[in-house]
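>>> quick check, what structure comes out for this input:
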Amino acid sequence: MTRRYRVLVLLPLVLGVARALDARAPRDTQTQTPPPAATAKPESTEGIPITSDVVKAVCSSCHKADDKGRLSRISFRRTTPEGWQETIRRMVTLNKADIEPDQARTIVKYLSDRLGLAPEEAKPAAFEVERRLIDFRYSANADTERVCSSCHSMGRVMLQRRTENEWNLVVAMHRGYYPLVDFQVFRRGGPPPTEPGPDGRPPDARHPMDRALSHLKSAFPLTTPEWSAWSATMRSPRLEGTWFLSGYEPGQGAVFGTVTVAATGASPDEFTTQATYRYARTGRPVTRTGRSIVYTGFQWRGRTSVGGDEATTLREVMWVERDWQTMAGRWFAGAYDEFGLDVRLVRQGREPIVGGVDRPSLKRGASAEALRIFGANLPAGLAARDVDLGPGVTVDRIVGATASELTVEVRVAAEAPVGARDLYVAGAIRPAALVVYERVDSIRISPAWNMARVGGVVFPKMFAQFEAVAYANGADGKPDTKDDLALGAVDAAWTMEEYTATFDDDDRQFVGEIDAARGLFTPALDGPNPARSGNRNNIGDVWIVAAHTPEGSPPLRARAHLVVTVPLYMRWDFFTVHR
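Coordinates of the predicted model:
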């Protein structure tokens, strides 16, 4: 069964490592057990010297320097800004390190730049820092996937690079902080086999942990060609200017607009931003302002709000491409970062940009359909012939036009070829801008599973957003095959049904409510609940059900699995100075 992960990572721009954290952070009695002394062999010639006076002043009381300027542990590891921030938090909360917020920011910036990751190393695990709730299975090595993901996501592991000795010490740290880890994961199942297997081959006499450790050392070493190449060419990106924004927010739909990026003057990696965009479905406008910082030459981390209102804050994780012409990622919010937009920014020049349309599909035989096209630098004086959606789709007239939005009237021939259409406007192209279809054959709920957490009294709630997405069968005429055509989100009536997991199950009555029109699930209060048998908490499993009736078609129905579980009782990133 595919494991489900909630990735928990931090935003270094708003680093909250300070003395206050030491006083407020939750304690885990297990973690107070000092780790056993590890048998550490001398480090090789690998290791990155530390030249920052701040890092040396703050860290060298515990991390000793050698004659090459390398600090123990620190110099033999590379990771993301979030990874370094988490390390600093651990030093503060567990080892009582005395670090001021300004020092912490300086340290994270230095370590992320000098002991960071190359784009090719970071992007495969982008879901970790973009705070996505996803299905992910690490396919490179089964033992590693099983051992490491038993406690946390594989993304956290994939965003680490260490020397062989450092990987040994990571295992020692786990055993020291979490004494049950051998029984739970590392050596679960008893001694390894000693007899040959059915195929007659001699067994691997190592525990799963040892096999996983061997893989980690070879797959994620400190020194890599990718880092050697990137660190040689890495520089501060020049991002000042105007960028065209296109994005999508589950439950709200597509957004289009612009982001203006300006240098702060404080550092070549720090910027101020103003984002102005509209939701295509409703026309609702949004203007956000904030600040951002770029780590390691390509890792954008930002924070914006509407009118300075903290309740409207979005945190930004994006990846700047090498040509400095595009960047993409996720903007997110929520106590568990469950709300957010997938975004893509393209640098605006003088050429026209076609970003997308207000609807994802058009039905065969439609006439006098108003279609809004969003972009930038759209030329004035466009004629209907300048807008092209391919065979069978005719643009009859231009209804309205500005430099950023074009409204056209289109008709679709009854025999128009079915499939995705590229959109051309005055020479600019948006590939697969929309789909021409014959009928809606099915709907599916996105995501197919989700997770929520009860809260509202002691802990915050974790919400769950669902969408109903329409599909048409592809050329094979069969549902749920690779050639199915996604037609976009549709309006649906939302309900809940019992997901029977135990005898006399009653989860539907207690776990929370689904908004009948929006598909947003709101969990119940954290318990225990005296109104429930056994004084149980308001947790459980339910089906989320969507019903939709397409024009001229019979009603359609789909359902998704929702797990409503307990709060996340302990989080490294829970207390932050910026709150």
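>>> in what helix or strand does Glu513 lie?
strand 512-514 (DSSP states H and E).
>>> and that strand, which strands flank it?
strand 520-523 (antiparallel) (DSSP bridges).
>>> can you tell me the average pLDDT over the strand it pairs with?
Strand 520-523 comes out with an average pLDDT of 98.
>>> centre of the chain versus the strand holding Glu513, how much separation?
25 Å (Cα atoms, centre = their mean, to the nearest Å).
>>> residues making contact with it?
The contact list for strand 512-514 (Cβ atoms under 8 Å, 6 or more residues apart in numbering) reads 452, 454, 466, 494-496, 520-524, 538, 544, 564. From N, CA and C alone the C-beta is placed, and that goes for glycine too.
>>> show me which of the residues you listed are buried.
452, 454, 466, 494-496, 520-521, 523-524, 538, 544, 564 (16 or more other Cβ atoms under 10 Å).
>>> which of these lies closest to Thr264?
Leu520 (36.7 Å; Cβ to Cβ).
>>> does the closest one touch Ala452 like I think?
No. The criterion here is Cβ atoms under 8 Å, and Leu520 misses it with Ala452 at 10.3 Å.
>>> in helices only, show me the contacts of strand 512-514.
Members of the contacts of strand 512-514 lying in helices (criterion: DSSP state H): none.
>>> could you export these as JSON lines, including distance to Gly552?
Shown next, in JSON lines, are the contacts of strand 512-514 (distance: Cβ to Cβ, whole Å):
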{"residue": "Ala452", "distance to Gly552": "36"}
{"residue": "Val454", "distance to Gly552": "42"}
{"residue": "Phe466", "distance to Gly552": "25"}
{"residue": "Trp494", "distance to Gly552": "23"}
{"residue": "Thr495", "distance to Gly552": "24"}
{"residue": "Met496", "distance to Gly552": "29"}
{"residue": "Leu520", "distance to Gly552": "29"}
{"residue": "Phe521", "distance to Gly552": "31"}
{"residue": "Thr522", "distance to Gly552": "34"}
{"residue": "Pro523", "distance to Gly552": "38"}
{"residue": "Ala524", "distance to Gly552": "40"}
{"residue": "Asn538", "distance to Gly552": "42"}
{"residue": "Ile544", "distance to Gly552": "26"}
{"residue": "Val564", "distance to Gly552": "37"}
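>>> show me which of these is closest to Pro179.
Using Cβ to Cβ, the contacts of strand 512-514 come closest to Pro179 at Val454, 29.9 Å.
>>> please name the residues that touch that closest one.
461, 511-512, 523-527, 537-539, 564-567.
>>> mind exporting the C-alpha coordinates of the helix or strand where Asp342 lies to PDB?
Per DSSP H and E: Asp342 is located in strand 339-347. Output of strand 339-347 as PDB, limited to C-alpha atoms (Å, rounded to 0.1, in the frame of the first residue of the first chain):
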ATOM      1  CA  PHE A 339      -4.100  25.700   1.500                       C
ATOM      2  CA  GLY A 340      -2.100  27.000  -1.400                       C
ATOM      3  CA  LEU A 341      -1.600  27.800  -5.100                       C
ATOM      4  CA  ASP A 342       0.700  26.200  -7.600                       C
ATOM      5  CA  VAL A 343       2.300  29.100  -9.400                       C
ATOM      6  CA  ARG A 344       4.500  29.800 -12.400                       C
ATOM      7  CA  LEU A 345       6.200  33.100 -13.100                       C
ATOM      8  CA  VAL A 346       7.600  34.100 -16.600                       C
ATOM      9  CA  ARG A 347       9.600  37.300 -17.000                       C
END
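>>> quick one: which of the contacts of Val454 is the most crowded by neighbours?
Val511 (26 neighbours; other Cβ atoms under 10 Å).
>>> my guess is Ala97 meets Met91, correct?
Yes. With contact taken as Cβ under 8 Å, Ala97 and Met91 are classed as touching, separated by 4.0 Å.
>>> mind listing the shared neighbours of those two?
Cys62.
>>> which residues touch Lys123?
Contacts of Lys123 (Cβ under 8 Å, 6+ apart): Trp319.
>>> could you confirm it falls within a helix?
Yes. Assessed by DSSP: H, G, I helix; E, B strand; the rest coil, Lys123 belongs to a helix.
>>> give me the distance between it and Phe298.
9 Å (Cβ to Cβ, to the nearest Å).
>>> Ser72: neighbouring residues, count only.
17.
>>> isn't it right up against His63?
Yes. Contact criterion Cβ under 8 Å: Ser72 and His63 qualify, at 4.8 Å.
>>> residues in a beta bridge with Gly419, which ones?
Val436.
>>> was I right to think it contacts Val436?
Yes. Between Gly419 and Val436 there is a contact under Cβ under 8 Å: 6.4 Å.
>>> those two: who's more crowded?
Per other Cβ under 10 Å, whichever of Gly419 and Val436 has more neighbours is Val436, with 25 against 15.
>>> got a list of what the more buried one touches?
Here Val436 is in contact with 361-364, 392-393, 412, 416-419, 421 (Cβ under 8 Å, 6+ apart).
>>> gap between it and Thr273?
Taking Cβ to Cβ, one finds Val436 at 37 Å from Thr273.
>>> out of the contacts of Val436, which is nearest to Arg105?
Ser361 (46.6 Å).
>>> that closest one: how many residues sit nearby?
Neighbours of Ser361 using other Cβ under 10 Å come to 20.
>>> who's in contact with it?
Taking Cβ under 8 Å, 6+ apart as the test, what Ser361 contacts is 434-437, 470, 485, 487-488.
>>> just put the residues you listed in TSV and tack on distance to Glu130.
Listed next are the contacts of Ser361 as TSV, based on distance: Cβ to Cβ, whole Å:
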residue	distance to Glu130
Leu434	27
Val435	27
Val436	32
Tyr437	31
Ala470	27
Leu485	27
Leu487	26
Gly488	23
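>>> buried subset of these, written for ChimeraX?
In ChimeraX, a selection of the buried entries from the contacts of Ser361 looks like this (16+ other Cβ under 10 Å):
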select :434,435,436,437,470,485,487
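>>> nearest to Glu405 among the contacts of Ser361?
Distances from Glu405 to the contacts of Ser361, taken by Cβ to Cβ, are shortest for Leu434, at 16.0 Å.
>>> Ile398 touches Ala383, doesn't it?
Yes. Shown here, Ile398 and Ala383 form a contact pair, counting by Cβ under 8 Å, at 7.0 Å.
>>> which one's more surrounded, the two?
Taking neighbours as other Cβ under 10 Å, Ile398 and Ala383 compare with Ile398 leading, 16 against 10.
>>> report the central residue of the protein.
The C-alpha lying nearest the average C-alpha coordinate of the chain belongs to Glu130 (Cα atoms, centre = their mean; 2.8 Å).
>>> measure that residue to Thr264 for me?
Taking Cβ to Cβ, one finds Glu130 at 24 Å from Thr264.
>>> repeat that for Phe463.
Taken as Cβ to Cβ, the span from Phe463 to Thr264 is 34 Å.
>>> poorly predicted segments of the stretch 151-300 of the chain, please.
Scanning the stretch 151-300 of the chain for pLDDT under 70 picks out 197, 203, 205.
>>> now with 90?
Scanning the stretch 151-300 of the chain for pLDDT under 90 picks out 151-152, 177-179, 182-209.
>>> what about the helices in it?
154-158, 164-177, 181, 208-219, 225-233 (DSSP state H, counting those that start in this stretch).
>>> buried sites along the last one?
It refers to helix 225-233. 227, 230-231.
>>> check pLDDT for the contacts of Val454 and point me to the minimum.
Lowest pLDDT among those: Gly527, 86.
>>> just give the closest residue to that residue, not the sequence neighbours.
Asn537 (3.6 Å; Cβ to Cβ, 6 or more residues apart in numbering).
>>> so that neighbour makes contact with Pro530?
No. With contact defined as Cβ under 8 Å, Asn537 does not reach Pro530; the gap is 11.3 Å.
>>> which residues do these two both contact?
By Cβ under 8 Å, 6+ apart, no residue touches both Asn537 and Pro530.
>>> now Gly355: closest residue in space that isn't a chain neighbour?
Using Cβ to Cβ, 6+ apart, the nearest residue to Gly355 is Ser246, at 4.3 Å.
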